[in-house]
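**Student:** Please find the sequence and the predicted model below.
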Amino acid sequence: MPDIQLLPETSAFLDRPHSQFIAGEAIAASGETFDVINPATEAAIATVGAASSDELNQAVAAAKTCFNDVWADFNPYARGQILNKLADLIEQNGEEIAQLETLSSGKSINLARLFEVQQSALFLRYFASWTTKINGETMQPSLPSMAGEKYSAFTLRQHIGVVAAIVPWNFPLMIAIWKLGAALACGCTVVLKPSEFTPLTVLKLAELARQAGLPDGALNIINGKGDIGEALVKHPDVKKVSFTGSVQTGMKVNQTAAQDMTRCTLELGGKNSAVLLHDADIDRAVGALLQLGYIHQGQVCAAPERIYVPNDRIDELLDKFSAALSQAPIGSPMDESNVFGPISNKPQYEKVLSYLQYAKDHGQLVYGGEPFDQDGLYITPALVKASSAEDVLMQQETFGPILTVMGYDDESELLELINNTPYGLGTSLWTNNLSAAMRMIPKIESGTVWINLHTMVDPAVPFGGVKQSGIGREFGSAFIDEYTELKSVMMAY
Ligand code: NAD
């Protein structure tokens, strides 16, 4: 099928110069600029100004002023109304947002519509519904009275202040919403730094936020690479850092934040396992894992990268995966009939190719893994059979379209294999054996365990990692802890 038609609004947005969004204004670029590259063609599609240190200071000052003068005391119900209005505007501008997203990240247009538009609106509405329910508790102090007086105590949940939100390139708008929706719902204000590869949709979002009635300075966007992110984390008026990205960067961010005791939530990488137990329905698991493992070319933090299957069923699994992969259409992400598209950016493309070269050199590549013969950063989805649990492809996050399969015999060996990783984001078990699943769940070292599904992230369910996959939780009611401080009040009467 041909590519979909670009909307005139999309073309007009791309043609405009872009820079920072501070105190409700899109400001003109003042210095260095960088190009946004379409990974499907490798052509530059827009130019964005990188933030100077002056602009960074202005953005934090705008967020601080808005917090102190407006947002912290804003009526909670009215906060929720603005977030709901922003969700409406995301939907109303959904096709433009989806097109901008696909052009800058290579994500299939179908996925851009589903995740960056529909799910972003859904998550935002979830956070909007919490604004009127963020409360402390009353409690009865437990120590005996000294001289007949009585005691009472309660806690206040106080918004933390200016939040630095730093996000990656794989789901740029949706992950930005996870952070700013939570922060704004709790009464914090935000300075958001998108990835240098995908700044466009959050700039569009900032304009929509103003239209929705968000006060100037409540959401500010600054652009640039890691140095701007680092300067933001170090800023003394930033009271909380909410970071999503790689383990390597997350460790640096954590160290930088700790120097000033700045609160920090880290949502980092994974080397997630999908585990077929002995009774698993292989056809069902292959059908699902094909979608979940290779969706957005595997550039999904929670996607399965390690597949464990009983040794006596490994050949059946590899054959079924290979057959299914050979049928999946790959090509332009703006063509609605394609399932696979390009890798999102050149450094990631090079990284994936180097992992595939390793698999080839070690005789492990079972299917795919070839650069595609056309312009753009295309690689056919790959299937690898591991030689040992210590293989590079069983240990390191590839964040690419590579599933690595390994066999096992019994449950205790399997638990060791699942936990044999520095990561701990998500694990799925594919089984109808309730007893085995319930035995294993407490022993699996990961923030989420899915049964007969994988990668599902829902606003009502806390999400985050253990071990090197991160610190803190997003969603559920757990997010409230991350953006508020508890103040205890004790009284004698
Ligand atoms: P990255 O760590 O390279 O960059 C993430 C963000 O941090 C970018 O905006 C980048 O400019 C910024 N940054 C870089 N150096 C910085 C520094 N020193 N201080 C502050 N900010 C800095 O990650 P990426 O390549 O953009 O994203 C891919 C990674 O993100 C993968 O590891 C993936 O698993 C992870 N991820 C995790 C989740 C999750 O929820 N756990 C979700 C999506 C992606």
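**Tutor:** That came through, no problem.
**Student:** Which residues are in contact with the residue in the stretch 51-200 of the chain positioned nearest to the ligand?
**Tutor:** Per CB to the nearest ligand atom, residue 168 is where the stretch 51-200 of the chain lies closest to the ligand, at 3.0 Å. C-beta here means a position set from N, CA and C on the backbone, and glycine is covered the same way. Residue 168 sits next to 175, 195, 244-246 when contact means CB atoms under 8 Å, 6 or more residues apart in numbering.
**Student:** For the helix or strand hosting residue 482, the averaged confidence score.
**Tutor:** Using DSSP states H and E, residue 482 sits in helix 478-483. For helix 478-483, mean pLDDT is 97.
**Student:** Then stretch 125-137?
**Tutor:** Averaged over stretch 125-137, pLDDT sits at 97.
**Student:** Kindly report the same for stretch 304-313.
**Tutor:** The model assigns stretch 304-313 a mean pLDDT of 98.
**Student:** and the stretch 201-350 of the chain, which of its residues are near the ligand?
**Tutor:** Residues of the stretch 201-350 of the chain lying close to the ligand by CB under 6 Å from any ligand atom are 225-226, 229-230, 233, 244-246, 249, 252-253, 267-270, 301.
**Student:** how close does the residue positioned nearest the centre of the chain get to residue 279?
**Tutor:** Taking CA atoms, centre = their mean, the centroid of the chain lies closest to residue 175, which sits 4.5 Å from it. Distance of residue 175 to residue 279, given as CB to CB, to the nearest Å: 36 Å.
**Student:** how far does stretch 320-333 stretch from start to finish?
**Tutor:** Start-to-end span of stretch 320-333 (CA to CA, to the nearest Å) is 25 Å.
**Student:** quick one: buried residues of it?
**Tutor:** 320-321, 324-325, 330-333 (16 or more other CB atoms under 10 Å).
**Student:** Alpha carbons of the helix holding residue 482, as CSV, please.
**Tutor:** Extracted in CSV, the C-alpha atoms of helix 478-483 (Å, rounded to 0.1, in the frame of the first residue of the first chain):
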residue,chain,number,x,y,z
ALA,A,478,2.1,4.6,43.9
PHE,A,479,2.9,7.6,41.7
ILE,A,480,1.6,9.9,44.4
ASP,A,481,4.5,8.9,46.7
GLU,A,482,6.9,10.0,44.0
TYR,A,483,5.6,13.5,43.6
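**Student:** Which neighbouring elements make contact with the helix or strand just after that helix?
**Tutor:** The element immediately downstream of helix 478-483 (helix or strand, assigned by DSSP H and E) is strand 484-492. Strand 484-492 sits against strand 151-159, with contacts defined as 3 or more CB pairs under 8 Å, 6 or more residues apart in numbering; DSSP states H and E.
**Student:** For the stretch 101-250 of the chain, which segments count as strands?
**Tutor:** Using DSSP state E, counting those that start in this stretch, the strands of the stretch 101-250 of the chain run over residues 138-139, 151-159, 162-166, 189-193, 219-221, 238-244.
**Student:** Also the stretch 351-493 of the chain?
**Tutor:** Using DSSP E, counting those that start in this stretch, strands in the stretch 351-493 of the chain cover 365-367, 382-385, 402-408, 426-430, 448-451, 470-471, 484-492.
**Student:** Out of these, which gets nearest to the ligand?
**Tutor:** strand 470-471 (5.8 Å).
**Student:** of the residues of the stretch 201-350 of the chain next to the ligand, buried ones?
**Tutor:** Buried among those (16+ other CB under 10 Å): 229, 233, 244-245, 249, 252-253, 267-270, 301.
**Student:** Make CSV from the residues you listed and add pLDDT to it.
**Tutor:** Formatted as CSV, those follow (pLDDT from 0 to 100):
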residue, pLDDT
229, 98
233, 98
244, 98
245, 98
249, 98
252, 98
253, 98
267, 98
268, 98
269, 97
270, 97
301, 97
